[in-house]
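Colleague: Structure of the sequence below:
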Amino acid sequence: MLDLDTLLKKFKKSINKNVLEKEAVIFAVESETGIRLLPEEIDIKNFNLEIFSSPIKKNEIKLHEKEILAQIRANTNQNINKIFYK
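Modeller: Now for the predicted structure:
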């Protein structure tokens, strides 16, 4: 049982890490643009941020992309290089 407990703790940490990174992205976007994104609208893969949202939200985020990326880098350990809009 000890091995299963250790495995579950590692799994829990990895899930929480993704949630915390998404919350940092949501905070950065909201502070720069006033737009509140949902966690389901965000995906982080291979140092890229993917945003699945309405065209209005994506355009506003695109206008403030440099500031958002700088704030995300400052608040997380993720070095996100690019934002993709899908």
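Colleague: residue ranges of the helices in this structure, please?
Modeller: Here the chain has its helices, by DSSP state H, at 2-33, 55-63, 65-75.
Colleague: Based on its surroundings, how many neighbours for Leu69?
Modeller: 19 (other C-beta atoms under 10 Å). Bear in mind the C-beta positions are built from the backbone N, C-alpha and C, glycine included.
Colleague: what's the spacing between it and Ile83?
Modeller: Going from Leu69 to Ile83 by C-beta to C-beta, to the nearest Å gives 7 Å.
Colleague: Just name the most buried of the helices of the chain.
Modeller: helix 65-75 (a mean of 15; mean count of other C-beta atoms under 10 Å).
Colleague: residues contacting the residue nearest to the spatial centre of the chain?
Modeller: Geometric centre of the chain, nearest residue: Lys22, 3.3 Å, by C-alpha atoms, centre = their mean. By C-beta atoms under 8 Å, 6 or more residues apart in numbering, the contact set of Lys22 is 39, 42, 44.
Colleague: By neighbour count, which of those wins?
Modeller: Ile42 (19 neighbours).
Colleague: Quickly list what that one is bridged to.
Modeller: Per DSSP bridges, the residues bridged to Ile42 are Ile51.
Colleague: How confident is the prediction for it, by pLDDT?
Modeller: Looking at Ile42, its pLDDT stands at 92.
Colleague: follow-up on the earlier one: out of the helices of the chain, flag the one nearest Asn48.
Modeller: Relative to Asn48, the nearest member of those by C-beta to C-beta is helix 65-75, separated by 10.9 Å.
Colleague: who does the closest one touch, helix- and strand-wise?
Modeller: helix 2-33, strand 82-85 (3 or more C-beta pairs under 8 Å, 6 or more residues apart in numbering; DSSP states H and E).
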